[in-house]
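Peer 1: sharing a sequence plus its predicted fold:
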Amino acid sequence: MDTQRLILVLVFSFSLLMLWEAWQKENRPQQPATPTGQAPLGVPDPGKPAATPGAAAPAAAPATPAVPALAPASAKGERIQVRTDLIAVEIDTLGGTIKRLDLLRHKASDDQTKDFSLLSEAHRYEAQSGLAGDLGANHRVLWTAQPGARTLDAGQNALEVRLTAQAGALTVTKIYTFHRNSYVIDIALEVKNQGTAPVAPRAYFQLSHDGQQEKHSSSLADTFGAQSFFGFAVFTESKKFQKVPLSDIDKEKTDFVRQSKDGWIGFIQHYFVTAWLPAAPQERQYGIVSPEKGYYTGWVVLPMASISPGATGRINVPLYAGPQEQRRLTAAAPGLDYAVDYGWLSIIAWPLFWVLEQAHGLTGNWGVAIILLTVLIKLVFFPLSAASYKSMAKMKLITPRLTKLREMYAHDRNKMNQAMMELYKTEKINPLGGCFPILVQIPVFIALYWVLLAAIELRHAPFVLWIKDLSALDPYYVLPILMTVTMVLQTKMNPVPPDPVQAQVMKFMPFVFSIFFFFFPAGLVLYWLVNNILSILQQWQIQRMFNRDKPAHGKR
């Protein structure tokens, strides 16, 4: 059996599946724009049941709660610009909300002269926080910015930005603490009780998004990249990592942990993640809804200890907003590294990335690291590959005899199959001998495909000369052309199928499949190219050894 043909068919099938899923996503109906003036989730809305995060639904129809005093519709907040060594943040005092967050070490996908905007008003992607219920210090009221520095200076490890709001007898201070060399922002709420009775407020921390992904190009690289998970996720020690697709939210069929003493909630997209990371153990409630079409919110609500008159209570919840760099994710919170989407073969993908990372540590170049990883994988599977190539070499030696049998029994298929099986038995050849070694390697190939696709370390990572971004297309298609050449060479080295139709199909197969590689990321094509070159060398050596026995076979 032609094992090279099997590999190509499997790759082709996998590619078709990915393209079909991508087409469905690209052509699904778009959500309508959000109506102007509709209240976001997080505070009670006049005339509607309470929609405050974490509010328990009573058995009977709820009455409309008291609505806190909101800022006038015409009120505008001050935009506070904060800058550290890694991020540039814009905080609106109307709500005390993070309206924009730019990553200074990551460039925009469509324009590398600009920084990548993770949170932005373009997608209503915001980080909101405040006191839940009718206490009033929420993301719809006007906060007052306190004087202070807005830039993390050299030699400074932390920077605080304070905002205050008055909610009846409560004075609430929201404190943003930014750290050097960190994508974690500590967000604290300090509540001072100036009343005459104790209070036990609840704090909410929420993310919002319009659910629309950015489109940067029509290439298959971006299309396939979009297949990474896009939506909310909840992690707890009991249920581990639970994805919450936006389509499930629309259908109100979400399945995730609502109450826990640990875990986090976040919004995940290709290469990046934003997540609220409350400390454990601490009681909390998780919620994810779509209060209106084209708008999604996910929150965590945490109770604060009772605050006596004259006393002050405090709660702190870190926010991670940055790239899916595994080392940073692991250090930020348990389970946050699950945000890196390696698909259903994560158990294989994680070790592969670890090896890739070690190789990069030695070479300092991700392209060279891919080459070293390819060589290592080839060495690991050398015995299996050798068995496959030996089987193909034997098949190539008896191909003329198989062709003769086909001609002899062209009108009697049963006798032809019987004669072919007898030939296999005589020559001690298993026609399926080359299949099993390839099947064992396929999960590794697919896992590595996802590693190269999901690893943000390869985004905008240069290789050599003209290749400036291993996650993008080869701009001059040099690697895909070389890939096509190696596929043609491999086809010529394989046994020619006895069936003339199959033989013609195999001649054109490399050119058909090479089309896909013209639209794959350069890093993935580099892997396949190196793998093909190594396979050709190995197959040539094994075939050369078997060619010594060709005269002996010819006498039979």
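Peer 2: That came through fine. Numbering: from 1, shown residues only.

Peer 1: next up, the contacts around Ile348.
Peer 2: Pro443, Val444, Ala447 (Cβ atoms under 8 Å, 6 or more residues apart in numbering). In this view, the C-beta of every residue, glycine as well, is placed from N, C-alpha and C.

Peer 1: among these, name the ones in helices.
Peer 2: Pro443, Val444, Ala447 (DSSP state H).

Peer 1: would Trp466 count as being in a strand?
Peer 2: No. Trp466 is assigned coil when assessed by DSSP: H, G, I helix; E, B strand; the rest coil, not a strand.

Peer 1: can you classify the closest residue to it other than its chain neighbours by secondary structure?
Peer 2: The shortest distance from Trp466 to any non-neighbouring residue, by Cβ to Cβ, 6 or more residues apart in numbering, is to Tyr476 (5.5 Å). State at Tyr476, reduced to three classes by three-state DSSP: coil.

Peer 1: how many neighbours does Tyr476 have?
Peer 2: 11 (other Cβ atoms under 10 Å).

Peer 1: pull the helix or strand with minimum mean pLDDT from this structure.
Peer 2: Ranking every helix and strand in the chain by mean pLDDT, DSSP states H and E puts helix 220-225 at the bottom, with a mean of 45.

Peer 1: now the element after that one, going C-ward?
Peer 2: Of the helices and strands lying after helix 220-225 in sequence (DSSP states H and E), the nearest is strand 231-236.

Peer 1: I'd like to know which elements that following strand is packed against.
Peer 2: strand 240-245, helix 246-250, strand 264-269, strand 284-292 (3 or more Cβ pairs under 8 Å, 6 or more residues apart in numbering; DSSP states H and E).

Peer 1: at 6 Å instead, please
Peer 2: Where contact means 3 or more Cβ pairs under 6 Å, 6 or more residues apart in numbering; DSSP states H and E, strand 231-236 is packed against strand 240-245, strand 264-269.

Peer 1: contacts for it?
Peer 2: For strand 231-236, the external contacting residues (Cβ atoms under 6 Å, 6 or more residues apart in numbering) are 241-246, 256-257, 260, 262-268, 286, 288, 298, 335.

Peer 1: okay, it in CSV with CA atoms only?
Peer 2: Listed next in CSV are the C-alpha coordinates belonging to strand 231-236 (Å, rounded to 0.1, in the frame of the first residue of the first chain):
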residue,chain,number,x,y,z
GLY,A,231,-15.4,33.0,23.7
PHE,A,232,-15.6,32.8,27.5
ALA,A,233,-14.0,30.1,29.7
VAL,A,234,-14.3,29.2,33.4
PHE,A,235,-11.7,27.2,35.3
THR,A,236,-12.2,25.5,38.7
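
Peer 1: tell me how far that strand lies from the chain's centre.
Peer 2: With Cα atoms, centre = their mean, to the nearest Å as the basis, strand 231-236 stands 13 Å off its chain's centre.

Peer 1: each with direction, which strands does it pair with?
Peer 2: strand 240-245 (antiparallel), strand 264-269 (antiparallel) (DSSP bridges).

Peer 1: got the angle for that strand vs strand 284-292?
Peer 2: Put simply, strand 231-236 runs at 170 degrees to strand 284-292, going by axes from the mean of the first three to the mean of the last three Cα atoms, to 10 degrees.

Peer 1: what's the average pLDDT for strand 231-236?
Peer 2: When pLDDT is averaged along strand 231-236, the result is 96.

Peer 1: so where's the stretch 201-350 of the chain uncertain?
Peer 2: Within the stretch 201-350 of the chain, the set of residues satisfying pLDDT under 70 comprises 215-227.

Peer 1: and if you look at the chain?
Peer 2: Using pLDDT under 70, the flagged stretches of the chain are 1-75, 215-227, 387-390, 392-393, 396, 430-438, 494-503, 505-506, 546-556.

Peer 1: quick one, domains of it?
Peer 2: Structural domains assigned to the chain are 3-19+350-554, 85-341, following automatic domain parsing.

Peer 1: ok, which of those comes nearest Gly77?
Peer 2: Smallest distance to Gly77 across the domains of the chain (Cβ to Cβ): 2.9 Å, for domain 85-341.

Peer 1: and the closest one, how far out from the chain middle?
Peer 2: Distance, centroid of domain 85-341 to centroid of chain: 19 Å (Cα atoms, centre = their mean).

Peer 1: what's the span of that domain from first residue to last?
Peer 2: End-to-end span of domain 85-341 (Cα to Cα, to the nearest Å): 27 Å.

Peer 1: which of the strands paired with strand 231-236 sits most buried?
Peer 2: strand 264-269 (a mean of 25; mean count of other Cβ atoms under 10 Å).
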